[in-house]
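[1] what would the 3D arrangement of this be:
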Amino acid sequence: MSARRLLLLSPGFHGYWRAISAAFKTLGYDVHSHPYDEHSSVLERAQNKLMHELPESLRWRAAEGSATDRAISVLRSTRFDAVVVVKGDQLGAGWWDALAASNVPSVVWLYDEIRRTRYTTQVLSEVGPIASYSLSDVEALRSDGLTVGHVPLGFDSLLGYSTVPSSSLTLVGARYENREALVREVQAGGVPVRAYGREWSRNFWDVVRTRRITSPGVPSGPDLGRSAAYGVMAGSLATLNIHSDQDGFTMRTFEAAGVGALELVDRADVADFYEVGEEVLVFEGSQDIIELLHRAQRDTQWSTRIRTAARERTLAEHTLVHRARALEAFWV
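    This next block holds a predicted model:
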């Protein structure tokens, strides 16, 4: 019996489509991945460059038209048994019409709140089953009569990495004012800190690209690929997971726990996924972080127990393979 063919449409965002594809392959699918906002050919890159010369109002429509046409072409290139669309709000009505006409079972997986996307409830009601990482959105869509399920993000347990031992607290992510202030306060409290990311980096070209001339005031490192980020989090004294105004939990929540990092989270509702104090730690401000890290420096048995429990829980319940199974349930 031949493998079931799955079409995966996803943004190129940090290469997560590769992780999702690998997860479905472990379930026996023959996966055709299409990062709908990436441009692989010379012609596509040239067309994309020309689009950036257009006025803003025309640029988005041109990008939507190009992404939609390419996605339809892929859909019609062969027979698929299922389609997974990750986010997908850059795709126009023509794509959704083509998908409906194909009669192929599908699901749309949202890793952002609807308010951050171009979707409306009306559009979502027409594109088929929805899976969202946001419990609030799930409840709202269900109240409007949509078929929707809660599918959180997860840990890429199939990605290899090399642990990078460090006595510092690490933060891997964007440089926002609240994060910058927090890590400075923690450093002032006697805890070594290192922040990673393009906007933190003092590399000359990173400074030129981001125009972040001012120093963050803490030791910093460059932008990290997912494998390198896993290694840094796994080997550090502890790692910070700071959210903005999301109500869903980021990939980082499950990644840090999955690599066995001592994860400090800024949201008590992480208890929906992990036991607070036993698998992850929760903080409200810099003083909480300082106290927790001083304890981690003193009591390695305590921190090791939390790291081990976090990794075990993640591998048992929160990998991207688990999420692939949850998405598969929409059509099996």
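[2] helices of the stretch 1-150 of the chain, residue ranges please.
    16-26, 42-51, 56-75, 93-102, 121-126, 135-143 (DSSP state H, counting those that start in this stretch).
[3] so what's L281 closest to, chain neighbours aside?
    L264 (5.0 Å; Cβ to Cβ, 6 or more residues apart in numbering). To be clear about C-beta, it is placed using only N, CA and C from the backbone, and glycine gets the same treatment.
[4] cool, F80 as well?
    L7 (4.5 Å).
[5] follow-up on the earlier one: wait, the residue nearest to L281 touches S236, no?
    No: using Cβ atoms under 8 Å as the test, L264 is too far from S236 to be in contact (10.8 Å).
[6] give me the common contacts of these two.
    Residues touching both L264 and S236 by Cβ atoms under 8 Å, 6 or more residues apart in numbering: L169.
[7] in PDB, list the C-alpha atoms belonging to stretch 192-212.
    Taking Å, rounded to 0.1, in the frame of the first residue of the first chain, the C-alpha atoms of stretch 192-212 are listed here in PDB:
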ATOM      1  CA  PRO A 192      25.100  36.400  34.500                       C
ATOM      2  CA  VAL A 193      22.900  36.900  31.500                       C
ATOM      3  CA  ARG A 194      23.300  36.400  27.700                       C
ATOM      4  CA  ALA A 195      20.700  37.400  25.100                       C
ATOM      5  CA  TYR A 196      20.600  35.900  21.600                       C
ATOM      6  CA  GLY A 197      19.100  37.300  18.500                       C
ATOM      7  CA  ARG A 198      19.800  39.700  15.600                       C
ATOM      8  CA  GLU A 199      18.600  42.700  17.500                       C
ATOM      9  CA  TRP A 200      20.700  41.900  20.500                       C
ATOM     10  CA  SER A 201      23.800  41.100  18.500                       C
ATOM     11  CA  ARG A 202      26.800  43.500  18.400                       C
ATOM     12  CA  ASN A 203      28.000  41.900  15.200                       C
ATOM     13  CA  PHE A 204      28.700  44.800  12.700                       C
ATOM     14  CA  TRP A 205      26.400  43.500  10.000                       C
ATOM     15  CA  ASP A 206      23.600  42.800  12.500                       C
ATOM     16  CA  VAL A 207      23.800  46.300  13.800                       C
ATOM     17  CA  VAL A 208      23.700  47.600  10.200                       C
ATOM     18  CA  ARG A 209      20.700  45.400   9.300                       C
ATOM     19  CA  THR A 210      18.700  46.200  12.500                       C
ATOM     20  CA  ARG A 211      19.800  49.800  13.100                       C
ATOM     21  CA  ARG A 212      20.000  48.900  16.800                       C
END
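[8] what residues of it count as buried?
    Residues 192-201, 206-207, 212 are the ones in stretch 192-212 that count as buried (16 or more other Cβ atoms under 10 Å).
[9] same list (those) but as CSV, adding pLDDT.
    Output for the buried residues of stretch 192-212, formatted as CSV (pLDDT from 0 to 100):
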residue, pLDDT
P192, 96
V193, 97
R194, 97
A195, 97
Y196, 96
G197, 94
R198, 93
E199, 94
W200, 94
S201, 93
D206, 88
V207, 89
R212, 88
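[10] possible to save the residues you listed as TSV with distance to A131 and secondary structure?
    Below are these laid out as TSV (distance: Cβ to Cβ, whole Å; DSSP: H, G, I helix; E, B strand; the rest coil):
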residue	distance to A131	secondary structure
P192	40	coil
V193	36	strand
R194	35	strand
A195	32	strand
Y196	30	strand
G197	28	coil
R198	30	coil
E199	31	coil
W200	33	coil
S201	35	coil
D206	35	helix
V207	39	helix
R212	36	coil
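[11] quick revisit: out of the helices of the stretch 1-150 of the chain, which one sits most buried?
    helix 16-26 (a mean of 20; mean count of other Cβ atoms under 10 Å).
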